[in-house]
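# how would this look folded up:
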Amino acid sequence: MTIASLIESDRKHLIHPVVNYRAHEARGATILESGHGVWLRDASGNELLDAFAGLWCVNTGYGQESIVRVAAEQMARLPYATGYFHFSSAPAIELAEQLVALSPASLQRVYFSLGGSDAIDSAVRFITHYYNATGRASKKHIIALERGYHGSSSSGSGLTALASFHRNFDVPLATQHHIASPYPYRSETPDDAQAIIGRSIAALEEKVTALGAENVAAFFCEPIQGSGGVIVPPQGWLKAMRDACHRLDILFVADEVITGFGRTGPMFACEAERVEPDLMTVAKGLTAGYAPMGAVLMSDRIYQALADSGNRSDPIGHGQTYSAHPVSAAIALEVLRLYREGGLIDNGVVQGRHFAAGLDSLLDHPLVGDSRHRGLLGAVELVADKQKRTRFDPSLDLSNRIFAAAYRNKIIFRAFGDNILGFAPALCITESEMQQMIKRVRKTLDDVLADEDVRAAVRSAEKTAA
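Next up is the predicted model:
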């Protein structure tokens, strides 16, 4: 098929995720053709620097030959093995063992899903089962964070706190609640870490008290909020919230779908504060996007309660056809090897310092109000007025204009709807590629600032501030 015919066929038949359907029909698709390292080539021959690792997931970079080889070998040997009827496969068993060894000590059991959304959905089902099995059936309410993202399943989309995931989907459910995000830049005290942490603890305690501790099951959070704008809480926040959950007798669930596998520096973000969750969800970097797979890691305490529920002949009715898929598991094993033996996590730590310096260097740009980052996960926030942190009027449609300008400058990153630019380059990125990334981002910002209506918005904000 020609490029034109592919675009037309896409327009007629393929439903894309998280997009306005009419806008996509009018725009048409950008066809991606190949990739290597941090670079993508589209069907028109444009070489694009992917500063977002696909969708926060291609942590190893594109074109890793050893991953392709392992996948082909496993497909030839055993392309599918069901986990039903007590069957298993060597890659799935080995992967579960390695994940337990690498994850926080509290986590001893692994259930494999197909991705992050159904890992969250599985976690919710396991939590419901756990409390019913232990005689505390009233504990059904779950608390999460504003601006949080926990997938788009029927249950997870309600824990997600982004308007587009709620609109017309009848969520959040009555049992799903949200407390304020630990958002330093938009805080009353942006430089007071303890005050930010204290407010989060107080908000959680207040919500649990209002609902009744006997009715609250769990608190879900991302160590760093991803799709909500890469909100980086102060150091110590994660552990403080974990400790608060223990005091309140609710489960603490760490959603490491984005932050896991070297994205923030260590293998898992929980490591940085020695946090041991009751459950942890992972996906994305688990297979580096080379095949679908996610997982729920759970404590042995929860597992034993599930295992002891009901009669020995009663199955626990949760499963998926492709759970513990042997090809995905084989890929994940090779990805884990590349993280450790291949030096990718070590490189990510080194390049994380250049990444931080590069994003911070953009603070002198007239459009940039904030830079925030940890490891190779970061964002800059655009404002019309730096002193007042004034957001741009949505009518400017700045995010779509920025994304289009970025494409013209041969770089891909996330332009969120509230004018936050998100970055998550692959762990294989080099220092020179990092320099190119920052240079292209700055050029993109310059191009957008050259638009008269954007300049007028900045001038207006400055005049108002004066």
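
# all strands of the stretch 201-350 of the chain, in order?
All strands of the stretch 201-350 of the chain, identified by DSSP state E, counting those that start in this stretch, fall at 216-221, 251-255, 279-282, 294-299.

# Give the partner strands of the last one in its sheet and their orientations.
Pointing back at strand 294-299 there. The strands that strand 294-299 pairs with in its sheet are strand 107-113 (antiparallel), strand 279-282 (antiparallel) (by DSSP bridges).

# Quick one, grab the pLDDT at the nearest residue to residue 176 once chain neighbours are set aside.
Of all residues not flanking residue 176 in the chain, residue 158 sits nearest, at 4.2 Å (Cβ to Cβ, 6 or more residues apart in numbering). Where you see a C-beta, it was placed from the backbone N, CA and C, and this is true even at glycine. You'll see residue 158 listed with a pLDDT of 98.

# Out of the strands paired with strand 294-299, which one sits most buried?
Among the strands paired with strand 294-299, the stretch with the highest mean neighbour count (mean count of other Cβ atoms under 10 Å) is strand 279-282, at a mean of 29.

# and for stretch 231-243, what are the contacting residues?
Stretch 231-243 is contacted from outside by 147, 181-184, 193-194, 196-197, 200-201, 204, 219, 221, 223-225, 252, 254, 269-270, 272-277, 372-374, 378, using Cβ atoms under 8 Å, 6 or more residues apart in numbering.

# can you do 7 Å?
Stretch 231-243 has contacts (Cβ atoms under 7 Å, 6 or more residues apart in numbering) with 147, 181-184, 193, 196-197, 200-201, 204, 219, 221, 223-225, 252, 270, 273, 275, 277, 372-374.

# Out of the residues you listed, which sit inside helices?
193, 196-197, 200-201, 204 (DSSP state H).

# Would you mind listing the buried residues in the helix or strand hosting residue 435?
Per DSSP states H and E, residue 435 falls inside helix 431-449. By neighbour count, with 16 or more other Cβ atoms under 10 Å as the criterion, the buried positions of helix 431-449 are 433-434, 436-438, 440-445, 447-448.

# re earlier: output the strands paired with strand 294-299 as JSON lines; include the columns mean pLDDT and distance to residue 10.
As requested, the strands paired with strand 294-299 are exported to JSON lines (pLDDT from 0 to 100; distance: least, Cβ to Cβ, whole Å):
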{"stretch": "strand 107-113", "mean pLDDT": "98", "distance to residue 10": "28"}
{"stretch": "strand 279-282", "mean pLDDT": "98", "distance to residue 10": "31"}
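
# out of the ones you listed, nearest to residue 138?
Distances from residue 138 to each of the strands paired with strand 294-299 were compared using Cβ to Cβ; the shortest belongs to strand 279-282, at 19.8 Å.

# from memory residue 422 sits against residue 414, does it?
Yes - in this structure, residue 422 is within contact of residue 414 by Cβ atoms under 7 Å, at 3.6 Å.

# Could I have the CA atoms of the helix or strand harbouring the residue nearest to residue 176 written out in PDB?
Under the criterion of DSSP H and E, residue 158 resides in helix 156-159. Extracted C-alpha coordinates of helix 156-159, given in PDB (Å, rounded to 0.1, in the frame of the first residue of the first chain):
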ATOM      1  CA  GLY A 156      -8.900   1.800  36.700                       C
ATOM      2  CA  SER A 157     -10.300   4.800  34.700                       C
ATOM      3  CA  GLY A 158     -12.200   5.900  37.800                       C
ATOM      4  CA  LEU A 159      -9.000   5.800  39.900                       C
END
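
# who touches it?
Under the criterion Cβ under 7 Å, 6+ apart, residues 117, 120-121, 142, 144, 148, 150-151, 165, 169, 171-173, 176, 220 lie in contact with helix 156-159.

# May I see the buried residues of that helix?
Quick answer for helix 156-159 (16+ other Cβ under 10 Å): 156-159.

# of all these, which comes closest to residue 290?
Set against residue 290, the nearest of the buried residues of helix 156-159 by Cβ to Cβ is residue 156 (23.3 Å).

# What is the burial count for the closest residue to the closest one other than its chain neighbours?
For residue 156, the nearest residue in space outside its immediate sequence neighbours is residue 120; the separation is 3.9 Å by Cβ to Cβ, 6+ apart. Around residue 120 there are 30 other residues, counting by other Cβ atoms under 10 Å.

# buried set for the helix or strand where residue 120 lies?
Residue 120 belongs to helix 116-133 when elements are defined using DSSP H and E. By neighbour count on 16+ other Cβ under 10 Å, the buried set for helix 116-133 is 116-131, 133.

# same question for it, mean pLDDT?
For helix 116-133, mean pLDDT rounds to 98.

# Sheet-wise, list the partners of the very next helix or strand once past that helix with their directions.
Toward the C-terminus, helix 116-133 is succeeded by strand 141-145 as the next helix or strand (DSSP H and E). For strand 141-145, the pairing partners within the sheet under DSSP bridges are strand 176-179 (parallel), strand 216-221 (parallel).

# For residue 117, which non-adjacent residue is closest in space?
The spatial neighbour of residue 117 that comes closest, neighbours along the chain excluded (Cβ to Cβ, 6+ apart), is residue 151 at 3.1 Å.

# So that neighbour: helix, strand or coil?
Reducing the assignment at residue 151 to three states with DSSP: H, G, I helix; E, B strand; the rest coil gives coil.

# Use 56 as the first number from now on
Renumbered: residue one is now 56, and that last one reads residue 206.

# Could you pull up the contacting residues of it?
With contacts defined as Cβ under 7 Å, 6+ apart, the neighbours of residue 206 are 171-172, 175, 212, 215.

# With distance to residue 411 added, can I get those in a markdown table?
What follows is those, written out as a markdown table (distance: Cβ to Cβ, whole Å):
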| residue | distance to residue 411 |
| --- | --- |
| 171 | 26 |
| 172 | 30 |
| 175 | 29 |
| 212 | 33 |
| 215 | 28 |
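
# now residue 507: how far from residue 499?
Distance, residue 507 to residue 499, using Cβ to Cβ, to the nearest Å: 17 Å.

# my bad, should have said residue 274
According to Cβ to Cβ, residue 274 and residue 499 sit 37 Å apart.

# Please apply the same query to residue 161.
Using Cβ to Cβ, one gets 43 Å for the distance from residue 161 to residue 499.

# what's the residue closest to the geometric middle of the chain?
When the chain is reduced to its mean C-alpha position, the nearest residue by Cα atoms, centre = their mean turns out to be residue 313, at 3.0 Å.

# re the thing from before, which one of the strands of the stretch 256-405 of the chain lies closest to residue 367?
The minimum distance between residue 367 and the strands of the stretch 256-405 of the chain falls on strand 349-354, with 20.6 Å, by Cβ to Cβ.

# hmm, back to that, looking at the contacts of residue 206, which is nearest residue 515?
The nearest one, if we look at those relative to residue 515 and count by Cβ to Cβ, is residue 215, at 34.0 Å.

# so where's the chain uncertain?
Counting by pLDDT under 70, the chain contains low-confidence ranges at 520-521.

# Could you rerun that using 90?
Low-confidence segments of the chain, defined by pLDDT under 90, are located at 56, 365-368, 514-521.

# Thanks a lot, catch you later.
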